[in-house]
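>>> using only what follows, build the 3D model:
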Amino acid sequence: MNQAGNDLLGIKAMSGNPSGRRVIEVNQSILGPTPPRARKLTPRKLGDYPAVARPFLAVAKKLTTPFLLGPPLCDELVALVEHLFTEEEATVAGRLGLRPRSAETVAKSLRRPVDEIVPILDRMALEKRVIGCHEKGERRKYHLIPVLGGIFELSLISCTPETLTDWHRRLIELFEALYETGYPTDYQHGPPMIRFLPIQRVLDAAPMALPTDQLAVVMDRFDTFAVGQCQCRLTMQALGKDCGRELTNCLTMGQWAEMGIKHGMVKPVSKKEALAIKHEAERQGMVNWLINVASTRGQASCSCCGCCCHAMRIVNEYNAPGMIAPPHFRPEFDAARCTHCGACARRCPMGAITIDLEAKTLVYAAERCIGCGQCLMACERQRAIALRPVPMQEMPYRSWFSWLSRAIPSLAKAGWTRWWKG
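Sure, this is the predicted structure:
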């Protein structure tokens with residue numbers, strides 16, 4: 001085990017829980033969300049790691065930048081970096097940054113032959129998938145990517161429970177330990193990165209729904225589709241806390257799908273097959289989302305559950321909005337029809353509904369709601385819930401430039417706040 005890993009406590013795989021991680025709980029007669037968790041992150045300085053090789057610390061330090069949505073330097077991050085990279089790989093990765101660099105540029109900075117550096121870069125980018133890679137013809141450029149929203153997803157999207165290696169399993173343990181420090185809450189005030197879609201039944205009943213809320217319409221922009229494994233549920237399964245829902249429903253489109261297929265990360269499917277996969281996910285109680293940017297190059301759509309999805313868990317574990325776009329629909333409750341059975345509270349993936357089974361009261365937390373409509377599905381018998389459009393709906397960003405122009409100030413503020421506190 002690496003040096004930083006030896007210093008950590010509680011990283012071993014958690015004990016099995018066949019019902020999955022809890023989103024709601026029953027406290028006497030009250031059915032509602034679990035209490036919010038406290039952050040448990042202890043920031044460190046580089047000098048706190050005299051026994052860790054300098055290349056690992058150099059990469060860890062670069063991954064802390066808010067522009068990669070990084071955590072502060074901490075034991076959990078250093079342990080993860082020591083696992084992700086060999087010392088030679090870390091030496092090379094330490095020459096990378098946010099801006100893509102060619103192998104020739106990296107080799108020159110290290111004063112090493114380029115034919116020695118290319119295999120190292122390609123191994124990290126295409127096999128382990130712990131750095132990013134841009135391709136233009138036969139030319140490749142490489143760059144660092146975030147831990148969450150990059151390394152975690154790319155390294156696991158092609159894995160099944162049967163093909164997980166010991167390296168992947170240790171990655172899962174170390175990543176989950178880092179996530180559970182609560183560091184993603186540092187970025188809860190940034191521009192929304194993802195937006196959850198209403199379930200199809202809601203859209204069928206809302207003929208004026210925006211095209212951007214309809215997965216099939218968004219998919220019409222693209223010709224290529226592919227699916228991979230849900231990294232979040234795969235993680236929970238490896239830790240013995242999975243909910244048992246389907247894994248193969250992480251969808252990519254356009255150039256993102258083409259790249260993933262080329263490098264064996266995802267499997268091609270037709271549009272019809274992709275929509276069938278997404279509808280089955282809804283039937284199993286999952287919620288589909290899209291990247292909150294109307295990109296014409298590529299798009300992605302995960303099918304998430306509140307007990308496993310790391311984006312949802314930012315809300316339902318830490319009571320923080322994360323980087324989720326405001327919903328376009330909200331539930332409306334009919335008091336005359338409601339029997340306070342608690343079905344809607346149990347079905348809500350965000351813990352946005354609290355029911356007192358004895359007092360017959362309902363409390364709706366609008367700030368936790370993603371407008372998915374799963375509560376409506378749970379109330380099919382009583383029909384006490386309807387979803388209504390939200391006035392003045394926020395549209396997806398028109399381009400990545402639009403998103404970045406709004407992200408940079410909030411990310412800079414997050415960095416300043418972290419520096420000031422540190």
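
>>> got a list of contacts for stretch 371-390?
By CB atoms under 8 Å, 6 or more residues apart in numbering, the surrounding residues in contact with stretch 371-390 are 196-199, 201-202, 205-206, 208-209, 285, 287, 326-335, 337-339, 341, 343-344, 346-349, 353. In short, each C-beta sits where N, CA and C put it, glycine included.

>>> and those residues, which are buried?
196-199, 202, 206, 209, 285, 287, 326-331, 338, 341, 343-344, 346-349, 353 (16 or more other CB atoms under 10 Å).

>>> and those, which of them are in strands?
Secondary structure defined by DSSP state E assigns F196, V287, F329, R330, P331, I353 of the buried ones among the contacts of stretch 371-390 to strands.

>>> list the contacts for the residue lying closest to the last one once chain neighbours are set aside?
Yep, that's I353 we're talking about. Ranked by CB to CB, 6 or more residues apart in numbering and with sequence neighbours excluded, the top spatial neighbour of I353 is A345, at 4.3 Å. Residues in contact with A345 (CB under 8 Å, 6+ apart) are I24, L31, G32, G351, I353, T354, I355.

>>> would a markdown table of the ones in strands among the buried ones among the contacts of stretch 371-390 with distance to A53 and pLDDT be doable?
Formatted as a markdown table, those follow (distance: CB to CB, whole Å; pLDDT from 0 to 100):
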| residue | distance to A53 | pLDDT |
| --- | --- | --- |
| F196 | 42 | 91 |
| V287 | 42 | 93 |
| F329 | 52 | 91 |
| R330 | 52 | 93 |
| P331 | 53 | 94 |
| I353 | 50 | 95 |
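
>>> need these in CSV (columns: distance to A90).
Listed next are those as CSV, based on distance: CB to CB, whole Å:
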residue, distance to A90
F196, 37
V287, 37
F329, 46
R330, 47
P331, 49
I353, 46
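
>>> out of those residues, the closest to L164 would be?
Ranked by distance to L164 (CB to CB), these are led by V287 at 25.3 Å.

>>> against I324, how distant is that closest one?
V287 sits 11 Å away from I324, going by CB to CB, to the nearest Å.

>>> one more: L362?
Distance, L362 to I324, using CB to CB: 23 Å.

>>> so where is the stretch 301-422 of the chain shaky, pLDDT-wise?
The model of the stretch 301-422 of the chain has pLDDT under 70 over residues 321-322, 416-422.

>>> ranges for the helices of it?
Applying DSSP state H, counting those that start in this stretch to the stretch 301-422 of the chain gives helices spanning 310-316, 343-347, 374-378, 400-421.

>>> please name every helix or strand in contact with the longest one.
Helices and strands in packing contact with helix 400-421 are not found; criterion 3 or more CB pairs under 8 Å, 6 or more residues apart in numbering; DSSP states H and E.

>>> show residues contacting it.
Contacts to helix 400-421, defined as CB under 8 Å, 6+ apart, come from residues 43, 65-67, 69, 72, 186-187, 189-191, 193, 292-293, 295, 397.

>>> can you count the residues close to the residue nearest to A359 when sequence neighbours are not counted?
Nearest non-adjacent residue to A359, counting by CB to CB, 6+ apart: S29, 7.0 Å away. Counted with other CB atoms under 10 Å, the neighbours of S29 add up to 13.

>>> ok, back up a step: can you list residues touching both of V287 and I324?
Counting by CB under 8 Å, 6+ apart, the contacts common to V287 and I324 are F196, I370.

>>> can you list the domains in the protein?
Split into domains by automatic domain parsing, the chain comes to 46-183, 190-404.

>>> low pLDDT regions in the stretch 1-150 of the chain?
1-21.
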